[in-house]
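In: Build me a model:
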Amino acid sequence: MARIHTYPAPGVPVNPLVLIPALEGGGSDGSRAIPLFAARNVPSGQVLKLRRPMIADLTTTADADPGAGKLRWNHAVPTSATMLYIDDMDNDAVPADLSAALTALDVGGFIYVQGLADGDRDNWQQWQVTSITAAAGYTKVGVSLQASNGTFIDASAIEVSIQKASPMPGVDRNVVSALAVSSGNVALDCSLGDYFKLAPTANVTGWTITNVPPACSLMIELTQDSTAHTIAWPSSFKWAGGAPGAVSTGAGTTDLLAMTTFDGGASWRVTLAKAFT
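Out: Numbers count the residues shown, from 1 in each chain. Alright, predicted model coming up:
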């Protein structure tokens, strides 16, 4: 029987899979209601697949095709998983291909898993995507658990929804932000914008880059003081020509670091232009 959802107490996360009434539509992709995550009035990512029927496979945690219409976790305790193995086809009466949606999914996107039967709808998981690898007949999706409730049992009927990453919030990307060296480390927060300045006061031995969207380009102006400070680069920096750039050493010399990621910061394509006057 249908029931009205009761929202949790303040401070408790709202279930993003709560169903809200829909004015039209039916079947597994409408069902006279849609989940909250697909109907927000704030910017949210495109829903690539909505409430597709699948079967939970808890018979093993092996990295392999879980079987027709199935989803498998790489941990015996599903909420401790770091990988989901998702078959290319769902479990509908006329199976639908999920592979194109999984290929279009980006790092930072979301996968939602929820019990299909009325009595199991309180069992759900929200996963954020950390990696995507196509395999033969299935897709391996690296994930980080964001929220969950209840548990699944083997062979239980579930629904799977696939959503792209939310658009970046309305930040003025043209703001120039200053970076600093602290205990040898430079902390760069991508949510501040695309342009940064660094005038090192000590040697740079490490970088911490946070809030990286699925893709972005950054520009960093580097200016030396009277001491020729050295700058070490992260292993994620992939340099044009293959050799890491060495910053200029002259007092007051300005270099320009340009860096672009297409995979949420897992790797950066980097060039260094030197000795601007």
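
In: Does residue 227 belong to a helix, a strand or coil?
Out: Classification of residue 227 by DSSP: H, G, I helix; E, B strand; the rest coil places it in coil.

In: Could you report the distance from residue 177 to residue 59?
Out: 50 Å (Cβ to Cβ, to the nearest Å). Quick note: C-beta positions are derived from backbone N, CA and C, even for glycine.

In: which stretches of the stretch 151-277 of the chain have low pLDDT?
Out: 167-173 (pLDDT under 70).

In: so where do the strands sit in it?
Out: 157-163, 176-179, 181-182, 185-189, 195-198, 206-210, 216-223, 237-239, 254-261, 268-276 (DSSP state E, counting those that start in this stretch).

In: a markdown table for those, including mean neighbour count?
Out: Shown next, in a markdown table, are the strands of the stretch 151-277 of the chain (neighbours: other Cβ atoms under 10 Å):
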| stretch | mean neighbour count |
| --- | --- |
| strand 157-163 | 22 |
| strand 176-179 | 14 |
| strand 181-182 | 15 |
| strand 185-189 | 16 |
| strand 195-198 | 18 |
| strand 206-210 | 14 |
| strand 216-223 | 18 |
| strand 237-239 | 14 |
| strand 254-261 | 18 |
| strand 268-276 | 16 |
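
In: would you turn those into a markdown table with distance to residue 148?
Out: Below are these laid out as a markdown table (distance: least, Cβ to Cβ, whole Å):
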| stretch | distance to residue 148 |
| --- | --- |
| strand 157-163 | 13 |
| strand 176-179 | 35 |
| strand 181-182 | 36 |
| strand 185-189 | 28 |
| strand 195-198 | 37 |
| strand 206-210 | 24 |
| strand 216-223 | 30 |
| strand 237-239 | 35 |
| strand 254-261 | 29 |
| strand 268-276 | 32 |
